[in-house]
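In: have a look at this fold, sequence not included:
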């Protein structure tokens with residue numbers, strides 16, 4: 001009786017497999033051993049990200065108010081520039097008379 005053997009497989013690192021950082025940390029950090037020791041890995045998030053799986057942005061809660069504030073400042077400056085231009089235009093008309 002003969003026993004069938006599986007074909008030998010190549011050994012080594014398969015670079016086509018996703019890394020722990022890509023899976024557990026959403027590709028926004030790297031897996032590191034926990035500070036107190038243990039078997040599970042924790043995420044060391046890239047700059048600007050936080051959370052258990054690096055799912056939160058540091059400025060995520062500020063993005064909408066910040067955007068609106070910047071737009072308000074730009075709009076205000078445009079209005080101010082328009083008013084200044086109109087005032088100068090009126091002053092020039094008065095000087096010509």
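Out: Thanks, I have the structure now. Computed from a prediction, not measured in an experiment: that's the story for all the values here. Residues are numbered from 1 along each chain as shown.
In: which residues are in contact with the lowest-mean-pLDDT helix or strand in the chain?
Out: One helix or strand of the chain scores below all others by mean pLDDT, DSSP states H and E: helix 20-23, with a mean of 72. Here helix 20-23 makes contact (C-beta atoms under 8 Å, 6 or more residues apart in numbering) with 27, 29, 30, 31, 41, 43. In short, each C-beta sits where N, CA and C put it, glycine included.
In: filter those to the buried ones?
Out: Those of the contacts of helix 20-23 that meet the buried threshold are 29, 30, 31, 43, by 16 or more other C-beta atoms under 10 Å.
In: can you redo those residues as a markdown table with distance to residue 89?
Out: Output for the buried ones among the contacts of helix 20-23, formatted as a markdown table (distance: C-beta to C-beta, whole Å):
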| residue | distance to residue 89 |
| --- | --- |
| 29 | 57 |
| 30 | 60 |
| 31 | 64 |
| 43 | 60 |
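In: of these, closest to residue 66?
Out: Using C-beta to C-beta, residue 29 comes nearest to residue 66 of these, at 23.8 Å.
In: now residue 30: which helix or strand?
Out: Per DSSP states H and E, residue 30 falls inside strand 29-32.
In: that strand - what's its average pLDDT?
Out: The average pLDDT within strand 29-32 is 86.
In: did I read that right, residue 67 in a helix?
Out: Yes - counting by DSSP: H, G, I helix; E, B strand; the rest coil, residue 67 falls inside a helix.
In: okay, now the unreliable bits of this structure?
Out: 1-19, 21, 60-63 (pLDDT under 70).
In: which parts of it are helices?
Out: In the chain, the helices defined using DSSP state H lie at 20-23, 63-96.
In: ranking those by burial, who's on top?
Out: Among these, ranked by average contacts under mean count of other C-beta atoms under 10 Å, first place goes to helix 20-23 (a mean of 15).
In: show the contacting residues for the closest residue to residue 51 other than its chain neighbours.
Out: Nearest residue to residue 51, sequence neighbours excluded (C-beta to C-beta, 6 or more residues apart in numbering): residue 45, at 7.1 Å. Residue 45 makes contacts with 25, 28, 29, 51, 54, as judged by C-beta under 8 Å, 6+ apart.
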